[in-house]
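[1] got a sequence here, can you build the structure:
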Amino acid sequence: MNRLLAALPLLFLTACDKPQPANPDEPAAAAPPALTDWPITRGSPSLQGRVHAAVPEAPVIEWTFELESPGTAEAAVADGAILVGDAMGILYCIDFQTRKLRWKMETGDTIQAAPAISNGKVFVGSGDKHFYALDLKTGEKIWSIEGGDKFSSAANLVSAPDGSDVWILVNGYDGITRCLRADDGSIVWTYETNDFINGTPAVIDGRLIAFGGCDQVIHVLDLADGKLVNKIATEAQITNSVATIGTTIYSGNHANQLVAAEADADQLSWIYEAGNFPFFTAPAVDEKNVYLGSRDKSLHAIQRADGTAAWTFKTGGRVESSPLAFDDGIIFGSSDGRLYAANPADGTELWRLDLGEDLTASPIYAQGRIIIAGGDGTLFVINGSKD
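    Numbers count the residues shown, from 1 in each chain. Predicted coordinates for the structure are as follows:
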């Protein structure tokens, strides 16, 4: 009961009734040949939030699944299953084709970030101070580790430099970055900062990792041994994941800034500053712009070349749902209960879909569908692909 009460403040009243899914009795269509899975947060180890596909047109809710509490986390998809956590700390494994629950696993506190999936295992952190490895087929625990505080960031997955193992990179709210072996959770190396860390480590060129923290610093480490390569000071706390493209790192912060930095530089390349509200989302990047949501109820597009504003897109609520950059559209959620698609060229609206629930969790794209969890506990699977 206490955990349910703790989840209640995450619920928001909406002005619209919850829409009904289209054709609820029809099974899901066959997946397109590309972009079938979304096994890690932001879609790739570089955390770009980039989708190399056309934005879905005329979106409709294909089906829904009811969670037991608010959807607080980005989902993951692999091997025909959707994995998603909720505010009460339950991880759900849902069959993509049958739309039924395969299994669920209860942790001791809120799951705030996406699970990661690799080689038949699911890796997920919880507010109960544990990071878990589970069997994808059964949900049975394979191993777990305990940190000094909650695990509020998603894990990243990368091959060991010698190709012998899969390594898990995960940050803890105890200020420690951990590199673990996926097979048994044993420690490869750790790196300790001086403050909380909320974001996922991004992988740069398969040799470096980068992340920001509440210590107002972007940390760049050597992937092989976790040794510090560079520290780049910023002006405020960094409360979400960075995004990288090439060796450039992009990060929002609590001073209402988006900053850009080169991994080997001793200072920032540029600073974009807007308004009086902090940026809370992870950035998405494409060939031209960086896209970032703000509590000023807007999505901001910033030119990568020099940090100048490209455009802003105003919504009716705070934008804390990290955007996805498709080839011809930027998709993101808002606390006004709507999922939006904006034209990356000029910020004009392509479409909006009213879901009737606060959208704080980030969308993903898998099997030709957009998948996002809502603040009233509904997992939405949305179709409309051009494929």
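[2] quick one: the strands in the stretch 1-150 of the chain, in order.
    All strands of the stretch 1-150 of the chain, identified by DSSP state E, counting those that start in this stretch, fall at 60-66, 76-78, 81-85, 90-95, 101-106, 116-118, 121-125, 130-135, 141-146.
[3] name the residues of the first one that come out as buried.
    Just to be clear, that refers to strand 60-66. Neighbour-count burial for strand 60-66 flags 61-65 (criterion: 16 or more other C-beta atoms under 10 Å). Bear in mind the C-beta positions are built from the backbone N, C-alpha and C, glycine included.
[4] tally of neighbours for residue 343?
    Residue neighbour count, defined by other C-beta atoms under 10 Å, stands at 16 for residue 343.
[5] quick one: pLDDT of it?
    Looking at residue 343, its pLDDT stands at 98.
[6] list the residues that contact the closest residue to it other than its chain neighbours.
    Nearest residue to residue 343, sequence neighbours excluded (C-beta to C-beta, 6 or more residues apart in numbering): residue 350, at 5.7 Å. By C-beta atoms under 8 Å, 6 or more residues apart in numbering, residue 350 lies in contact with 55, 329, 341-343.
[7] report the rounded mean pLDDT for the helix or strand in which residue 350 is found.
    In the assignment (DSSP states H and E), residue 350 maps to strand 349-354. Strand 349-354 shows a mean pLDDT of 98.
[8] which elements pack onto the next helix or strand after that strand?
    Using DSSP H and E, the helix or strand that directly follows strand 349-354 along the chain is strand 364-366. Applying 3 or more C-beta pairs under 8 Å, 6 or more residues apart in numbering; DSSP states H and E, we find strand 364-366 packed against strand 76-78, strand 369-373.
[9] which residues touch the last one?
    The reference is to strand 369-373. Outside strand 369-373, the residues within contact range by C-beta under 8 Å, 6+ apart are 38, 56, 59, 62, 67, 70-75, 77, 82, 84, 86, 321, 331, 333, 339, 355, 359, 361-365, 379-383, 385.
[10] in this structure, what helix or strand scores lowest on average pLDDT?
    Lowest on mean pLDDT, DSSP states H and E among the helices and strands of the chain sits helix 2-7, with a mean of 38.
[11] now residue 182: how far from residue 76?
    Residue 182 sits 15 Å away from residue 76, going by C-beta to C-beta, to the nearest Å.
[12] more neighbours: which of these two?
    Remark: of residue 182 and residue 76, residue 76 carries more neighbours, 26 against 22, as counted by other C-beta under 10 Å.
[13] pretty sure that one contacts residue 38?
    Yes: using C-beta atoms under 8 Å, residue 76 is in contact with residue 38, at 5.9 Å.
[14] quick check: neighbours shared by those two?
    Common neighbours of residue 76 and residue 38 (C-beta under 8 Å, 6+ apart) are residue 364.
[15] can you tell me, leaving aside adjacent residues, what's nearest to residue 217?
    Using C-beta to C-beta, 6+ apart, the nearest residue to residue 217 is residue 231, at 5.2 Å.
[16] now do the phi/psi pair for the one you found.
    When read as degrees, to the nearest 10, the backbone of residue 231 gives phi -130, psi 130.
[17] now do the nearest residue to residue 175 once chain neighbours are set aside against residue 223, distance only.
    Leaving aside its chain neighbours, residue 175 sits nearest to residue 193 (4.6 Å; criterion: C-beta to C-beta, 6+ apart). Here the criterion is C-beta to C-beta. By it, residue 193 lies 17 Å from residue 223.
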